[in-house]
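*Asks:* Sequence unavailable; structure follows:
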């Protein structure tokens, strides 16, 4: 599936397409199994989704954003109408895309704190959330061309892809788009060096980029200072789950504004990208194994009686050092997340 000889404009062979379709089907079925577990075996489903899949995802977005773009179960689901040729195949203009990107970022900042209020401890609620996203993804897939409306627009994970996928080093084909229809500009799949502030054509583009780069590290830090609730939602709980993340956002926005005149733009974006994922793994890895700030919250398995905390701290520190090298210190890559397929050949007929 990975071929060093691939170049932009390469058309995948029938054999390669079969390989990718098989992998996509496997991950689609894994996603379906997780959804069913959330409904019928909620404790298992919560572990599989929130404590295994989601902790792996940020690291995968850093080292292989294109791989995730090819195999994401939600992305595959959104493209079913297109693969079945039942999509209206409409294109998005720049203004429409900027609105979808902004909605995705707002959705990210709304949904993630609600994990503490309900989703982290309620499998059925998480299943309803995922099912709602599936409905939205298929709906926009029925109307718009290829990945434009969901994978590159409304998906709440897409903003994080742009923040973490700064230095792609993996040359992969686009396993969904058979030909390039130029449905959006810039296309995140085929734009080398893409980052959240790449597109500055409108106020919404600029605001979306600022919110993601400057606010996200503080948001992540604040999120980990909040415990999980299992009681009925109340104004006080909502204030608790949103208060510290939003306060953290304000702090890192201010920090970004102070640094902006003195730090080169690409370096500043890389530093804030690193801070966001460093905060995530510094808190998330200990929590997975019972060493978190709030014992039991987000725990996969309790190792407190078997492993010294220093071991877990060493693992977190080692990963963070690797991420600093990858995101900040390593040479900037000129490789896009995915290679552009051949452009669609437009034919005309003489009458």
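*Replies:* Looks like it arrived, so ask away. As the structure is a prediction and not an experimental result, all values here were calculated from the model. Residues are numbered from 1 along each chain as shown.

*Asks:* Break down the stretch 251-351 of the chain into its helices, ranges please.
*Replies:* 265-288, 309-324 (DSSP state H, counting those that start in this stretch).

*Asks:* Burial-wise, tell me which of these comes out on top.
*Replies:* Across the helices of the stretch 251-351 of the chain, averaging neighbours per residue (mean count of other Cβ atoms under 10 Å) puts helix 265-288 on top, at a mean of 20. C-beta: built from backbone N, CA, C; applies to glycine.

*Asks:* list the helices and strands it packs on?
*Replies:* Judged by 3 or more Cβ pairs under 8 Å, 6 or more residues apart in numbering; DSSP states H and E, the packing partners of helix 265-288 are helix 54-63, helix 158-164, helix 216-223, helix 235-259, helix 309-324.

*Asks:* I'd like the helices of the stretch 251-351 of the chain written out as TSV, with mean pLDDT added.
*Replies:* Output for the helices of the stretch 251-351 of the chain, formatted as TSV (pLDDT from 0 to 100):
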stretch	mean pLDDT
helix 265-288	97
helix 309-324	97
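
*Asks:* Now these in TSV, please, with extra columns for distance to residue 27.
*Replies:* Listed next are these as TSV, based on distance: least, Cβ to Cβ, whole Å:
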stretch	distance to residue 27
helix 265-288	22
helix 309-324	24
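
*Asks:* sorry, back to before: which of the helices and strands packed on helix 265-288 sits closest to residue 333?
*Replies:* Minimum separation from residue 333 across the helices and strands packed on helix 265-288 (Cβ to Cβ) falls at helix 54-63, 11.3 Å.

*Asks:* following the closest one, which helix or strand shows up next?
*Replies:* Per DSSP states H and E, the first helix or strand lying C-terminal to helix 54-63 is helix 65-71.

*Asks:* Provide the backbone phi and psi angles at residue 173.
*Replies:* Dihedral pair for residue 173: phi -80, psi 160, per degrees, to the nearest 10.

*Asks:* Pretty sure it sits against residue 339.
*Replies:* Yes. Between residue 173 and residue 339 there is a contact under Cβ atoms under 8 Å: 5.4 Å.

*Asks:* How about the contacts made by residue 212?
*Replies:* By Cβ atoms under 8 Å, 6 or more residues apart in numbering, the contact set of residue 212 is 105, 159, 162-163, 196.

*Asks:* Flag whichever of those scores worst on pLDDT.
*Replies:* Among those, residue 196 has the lowest pLDDT, at 82.

*Asks:* re the thing from before, include distance to residue 83 when you put the helices and strands packed on helix 265-288 into JSON lines, please.
*Replies:* Output for these, formatted as JSON lines (distance: least, Cβ to Cβ, whole Å):
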{"stretch": "helix 54-63", "distance to residue 83": "24"}
{"stretch": "helix 158-164", "distance to residue 83": "20"}
{"stretch": "helix 216-223", "distance to residue 83": "33"}
{"stretch": "helix 235-259", "distance to residue 83": "38"}
{"stretch": "helix 309-324", "distance to residue 83": "35"}
